[in-house]
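Asker: Below are the sequence and a predicted model; questions follow.
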Amino acid sequence: MLQTVNVGTKNLADYTHLVGPALAEEVRALAEPLKGLRVVHLSATSFGGGVSEILYTLVPLMKDAGLDVEWQVIYGREEFFNATKLMHNALQGNPQDLTPEQWSTWERYNEMNARELAGGWDVCVVHDPQPAALFQLVPEKAAHWMWRCHIDLSTPNPATMERLLPVIRDYPVTFFHMEQYVPEGLRGDVRVVPPAIDPLAPKNMALSPEDAAYVCRQFGIDVDRPLLCQVSRFDPWKDPLGVIDAYRKVKEEIPGVQLALVGSMASDDPEGWDFFNATVAHADGDEDIHILNNFNNVGAIEVNAFQSHADVVIQKSIREGFGLTVTEALWKARPFVGGDVGGIPLQVQNGLSGYLVSDVDTCAARCIDILRDPALGKALGRRGKEHVRERFLTPRYLRDYLRVFGEMMSSP
Ligand code: UDP
């Protein structure tokens, strides 16, 4: 019932020129004693969202390093995903908790998956809350267990957290993006390990300025005028309305400026469409505001092109778990302006590799500074790229996993 995901192959050697030989060598040395280690990653989906984005790179690289790795997607139907979506929102602070029926649905599906999971693994890595109960249910199926949390647990709905805690408390190892996201009461070894992006994936691979401009032009952008861009879901926490307000202030000073808001939509997420429509209404027919989504054929290459071509990439979030879009923009050496929240300050040193802002006026002012001084933008972008190179590319993330696997194997 659990589905194995076909992840294809990737070669660690292809990344050496991007991350440097020292890290590549460290990864190989850590992998050496782990050859043949049987690892399974369990997650709720293989399509959409940050977790699958990460596993499509991490799993093939672990295999290339010599480990015997599989990624399996747990079985679930609509009733299960309705419950886990609510749980996800509640754990990130939404006041609505699951009903008793939804909790028992969640438990029932975890029991089903626990029965179906094959045994004999050296390590089982469980991603996010959806399959979190598996360790408690069938600890004998793997010699070692870890839980990887991809969400922001800093201000959870207390009732939801109280119910989840007994399930995650005893994992021998847990990984969190940031210190603030670690809940109280965990008994295992807690590590703060931020995620990373794949610099060779179509979304992040090097695009020439001409190719990036060519793609943007197809979406109606005048590539000879300045462009501000934000890539993110249409969600109040991402504050696209605030981005439009900031753009309007920039336009008072720099009339040629354009704005692109690029966001992916799910056909089954009515909230997303409501907020998309609210964003379109807020743009009020301004022809220099381009609001695009994946239903307009905006895929990975197009996101890459917009991020690569923009004169300033904005991520004006009010709340942000980590912000892979921030990493993606910095890796493209773009000048960046974003909200001083969540994982963004971890990635951006204010004034050095971009700007952190907390209101519309400052957001606009920093964009104007960058547009008026191309040398400033270039310097910010260059430092931002180096910061990402050192900290937020997949080989570093792979190293952190291999380190912990090595420690697990040498512990009783
Ligand atoms: N993304 C995309 N197309 C879009 C909007 C977003 O491919 O139209 C991608 C984006 O490039 C990033 C991910 O979705 O890789 C969003 O991750 P992030 O951590 O920024 O935010 P989240 O959506 O998880 O809150």
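Answerer: Noted; the coordinates are in hand. Numbers count the residues shown, from 1 in each chain.

Asker: Residue numbers of this structure in contact with the ligand?
Answerer: 50, 53, 203, 231-233, 262-264, 294, 298, 303, 321-325, 328 (Cβ under 6 Å from any ligand atom). For every residue, glycine as well, the C-beta is placed using N, CA and C.

Asker: hmm, try it at 8 Å
Answerer: Counting by Cβ under 8 Å from any ligand atom, the positions of the chain adjacent to the ligand are 49-50, 53, 197, 203, 231-233, 235, 237-238, 262-265, 292-294, 298-300, 303, 307, 315, 320-326, 328, 343.

Asker: Check the residues you listed for burial and list the buried ones.
Answerer: Buried members of the residues of the chain next to the ligand, counted by 16 or more other Cβ atoms under 10 Å: 50, 53, 197, 203, 231-233, 235, 237-238, 262-265, 292-294, 298, 303, 307, 315, 320-326, 328, 343.

Asker: can you pull out the strands in the chain?
Answerer: 3-4, 38-43, 68-73, 121-127, 142-148, 173-176, 189-192, 227-231, 258-263, 289-293, 312-315, 336-339, 355-357 (DSSP state E).

Asker: Quickly compare those and say which is most buried.
Answerer: Sort the strands of the chain by mean neighbour count, taking mean count of other Cβ atoms under 10 Å, and strand 312-315 sits at the top with a mean of 29.

Asker: Using PDB, write out every CA atom in that one.
Answerer: Only the C-alpha atoms of strand 312-315 are listed here, as PDB (Å, rounded to 0.1, in the frame of the first residue of the first chain):
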ATOM      1  CA  VAL A 312      14.700  43.000  -7.000                       C
ATOM      2  CA  VAL A 313      13.200  39.800  -5.600                       C
ATOM      3  CA  ILE A 314      10.800  40.400  -2.800                       C
ATOM      4  CA  GLN A 315       9.400  38.000  -0.200                       C
END
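
Asker: For the ligand, what is the nearest residue in the stretch 151-300 of the chain?
Answerer: Residue of the stretch 151-300 of the chain nearest the ligand, by Cβ to the nearest ligand atom: S264 (3.5 Å).

Asker: ok, and the closest non-adjacent residue to that residue?
Answerer: N294 (4.6 Å; Cβ to Cβ, 6 or more residues apart in numbering).

Asker: ok, now which ones touch F275?
Answerer: 234-236, 240 (Cβ atoms under 8 Å, 6 or more residues apart in numbering).

Asker: Over to P255?
Answerer: For P255, counting by Cβ under 8 Å, 6+ apart, there are no contacting residues.

Asker: so where's the protein shaky on pLDDT?
Answerer: By pLDDT under 70, the low-scoring segments of the chain are 267-268.

Asker: Contact partners for the residue of the stretch 151-300 of the chain closest to the ligand?
Answerer: S264 neighbours (Cβ under 8 Å, 6+ apart): 48, 233, 293-294, 298.

Asker: same thing but at 7 Å, please
Answerer: Contact partners of S264, counting by Cβ atoms under 7 Å, 6 or more residues apart in numbering, are 233, 293-294.

Asker: Just tell me which of the strands of the chain ends up closest to W273.
Answerer: Proximity to W273, assessed across the strands of the chain by Cβ to Cβ, is greatest for strand 289-293 (9.6 Å).

Asker: helices or strands up against that closest one?
Answerer: strand 258-263, helix 270-283 (3 or more Cβ pairs under 7 Å, 6 or more residues apart in numbering; DSSP states H and E).

Asker: Please name the nearest non-neighbouring residue to whatever residue of the stretch 51-200 of the chain ends up closest to the ligand.
Answerer: As assessed by Cβ to the nearest ligand atom, the ligand sits closest to E53 within the stretch 51-200 of the chain, at 5.6 Å. Leaving aside its sequence neighbours, E53 sits nearest to L324 (Cβ to Cβ, 6+ apart; 7.1 Å).

Asker: correct me, but the one you found touches G50?
Answerer: Yes - using Cβ atoms under 7 Å, L324 is in contact with G50, at 5.8 Å.

Asker: what touches both of these two?
Answerer: P195.
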